[in-house]
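In: can't give you the sequence, but here's the structure:
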């Protein structure tokens, strides 16, 4: 499961660094009749008509600087930035030293997203009138939007020299540090901004966001707590509190805030999805399922809610619904690794081996380095007795992960089954280097030596096995066979006696105990052991005289 990103993006600064700025006027007089009409209409709120009269005044060749200034001001007020830009350019063409026009032109460029041109305009103002502090603030805002954070910080700090109590500048400075991922300085700047305006929701939200980014969740909770006190219906606050609580594994608290979030915003896909994840953590599978279904209703093409709903269904023991959800997820995203893997595991549990194998093969086409899926595919082949194919897949597992004990052991078994003795021996030997007392690897290696008729080496391995598993009747029996083959009948008697003590109806062990006792001349003990063997399995009586008369070899 995953929890979707929780933090709101860093709050954008207001267009002029947090304080609304209007265009700077020129204060020039001498208006003509057309100009006077334009002023009158503007005062009546009839901007379009005012512009019409200003255009008439311009065509009449009257005071062009005053006319362009007025046109620029009206366009700027109406947020008609391309037209305002042209008006201020025209004004600067007839009055190049007009710093108010240069400043307002910078505002227009900034509004149009032409940040380099905006910076040039503000720098021109600063060069000619360094005392005009607003130009530093405007320049800082433009630099921030350009992503030139060091230059933005220098401009903000210059502005703060003459305006140390400016919330807008202090907040903007915090934003520039924040975006530059200079988190310590961002925290300090936001704190100073909050000293100027303690109830600023923007500053609280951004400060909390920084704390979250540096994973200081204790301070994240405290800061979002202040924000929710200021506005109990703040989605940002509830989302931040939910996320921080989730990360601190306070799932009940996280669930309460996600519940508040979806109440405030019922159309929040992320809110419903994260509520589902949180409820799943609380093992509230039914409630989690309801949240995921709402998320699916809001965004039918989202894969994750279907997968998590499937997991919740599995945890409730409803595998049919889980299969349906995984299949739906795969219709949306045919190679989704989680859906394929989990669906394959369900098919394995239900003994749908063909379907499980298909899922694993599809998964490996998408993620060939997913060794766990490759290993489980090999296990399916192993289970069906397709030893050659299984061995090939196990080989790939070991090639990807050389010290994988289970893969090495199973590779050895598969190779042994296909008669690849050398490969089997290498696999079992490497396994024993990793786990010297692994009984299955010892048994496998002993089997390799038995096939090669290296009986002494097999005998040595079985002696180790008896030490590791002294109460295992089959190991004791096979150890006895090898001692018998080595003519160590006393040792064989000891192992067979231990074997029948562990498995009282082990007929073959009684039979071979009888043969070893006979070889030692202990006829009474041999007879008792043989009688026990044929009572348990009468067919073992066949060949009695040949075995006992000739002191024949032990049965293997």
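Out: Okay, I see it. Computed from a predicted model, the values in this text were never measured in an experiment. Numbering: from 1, shown residues only.

In: For the rest of this, base every contact and every neighbour count on C-alpha atoms.
Out: Fine.

In: Help me confirm that residue 303 comes into contact with residue 326.
Out: No - checked against CA atoms under 8 Å, the pair residue 303 and residue 326 is beyond contact range at 9.2 Å.

In: quick one, which of those two is more surrounded?
Out: residue 326 (25 against 20; other CA atoms under 10 Å).

In: In space, what's closest to the more buried one - neighbours in sequence excluded?
Out: If the residues on either side of it in the chain are set aside, residue 326 comes closest to residue 339, at 5.3 Å by CA to CA, 6 or more residues apart in numbering.

In: So which bits of stretch 88-98 are buried?
Out: 88, 89, 90, 91, 92, 98 (16 or more other CA atoms under 10 Å).

In: thinking again about what came up before, is the residue nearest to residue 326 in contact with residue 332, as I believe?
Out: No - applying CA under 8 Å, one finds residue 339 not in contact with residue 332, separated by 10.8 Å.

In: what about those two, which has more around it?
Out: Neighbours were counted for residue 339 and for residue 332 using other CA under 10 Å; residue 339 has more, 28 against 15.

In: if I look at that one, how far off is residue 328?
Out: Relative to residue 328, residue 339 is positioned 9 Å away (CA to CA, to the nearest Å).

In: and if you look at residue 315?
Out: Taking CA to CA, one finds residue 315 at 18 Å from residue 328.

In: More neighbours: these two, which one.
Out: residue 328 (18 against 15).

In: For the more buried one, give me its contacts.
Out: residue 306 (CA atoms under 8 Å, 6 or more residues apart in numbering).

In: same thing but 10 Å
Out: For residue 328, the contacting residues are 301, 303, 306, 307, 310, 322, 334, 339, by CA atoms under 10 Å, 6 or more residues apart in numbering.

In: got those residues as CSV, with pLDDT, distance to residue 253 and secondary structure columns?
Out: Compiled in CSV, these are given as follows (pLDDT from 0 to 100; distance: CA to CA, whole Å; DSSP: H, G, I helix; E, B strand; the rest coil):
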residue, pLDDT, distance to residue 253, secondary structure
301, 95, 29, coil
303, 97, 26, helix
306, 97, 25, helix
307, 97, 24, helix
310, 97, 25, helix
322, 96, 28, helix
334, 94, 36, coil
339, 97, 30, helix
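
In: For residue 181, identify the helix or strand it belongs to.
Out: Counting by DSSP states H and E, there is no helix or strand that carries residue 181.

In: got any residues that touch both of residue 303 and residue 326?
Out: In contact with both residue 303 and residue 326: 332, 336, 339, using CA under 10 Å, 6+ apart.

In: Surely the second one and residue 360 touch.
Out: To tie it back to what came earlier, the one meant is residue 336. No - with contact defined as CA atoms under 10 Å, residue 336 does not reach residue 360; the gap is 11.7 Å.

In: mind listing what's buried in stretch 110-118?
Out: 110, 111, 114, 115, 117, 118.

In: sec struct for the last one, please.
Out: By that I understand residue 118. Secondary structure, DSSP: H, G, I helix; E, B strand; the rest coil: residue 118 is helix.

In: Low-confidence bits of this protein, can you list those?
Out: 1-31, 62, 543-556 (pLDDT under 70).

In: domains for it, by residue range?
Out: 369-453, 472-556 (automatic domain parsing).

In: Can I get those in CSV including mean neighbour count and distance to residue 56?
Out: Listed next are the domains of the chain as CSV, based on neighbours: other CA atoms under 10 Å; distance: least, CA to CA, whole Å:
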stretch, mean neighbour count, distance to residue 56
domain 369-453, 20, 75
domain 472-556, 19, 110
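
In: Select, out of those, the one closest to residue 51.
Out: Smallest distance to residue 51 across the domains of the chain (CA to CA): 68.4 Å, for domain 369-453.

In: Report how far apart the opening and closing residues of the closest one are.
Out: End-to-end distance of domain 369-453 (CA to CA): 39 Å.
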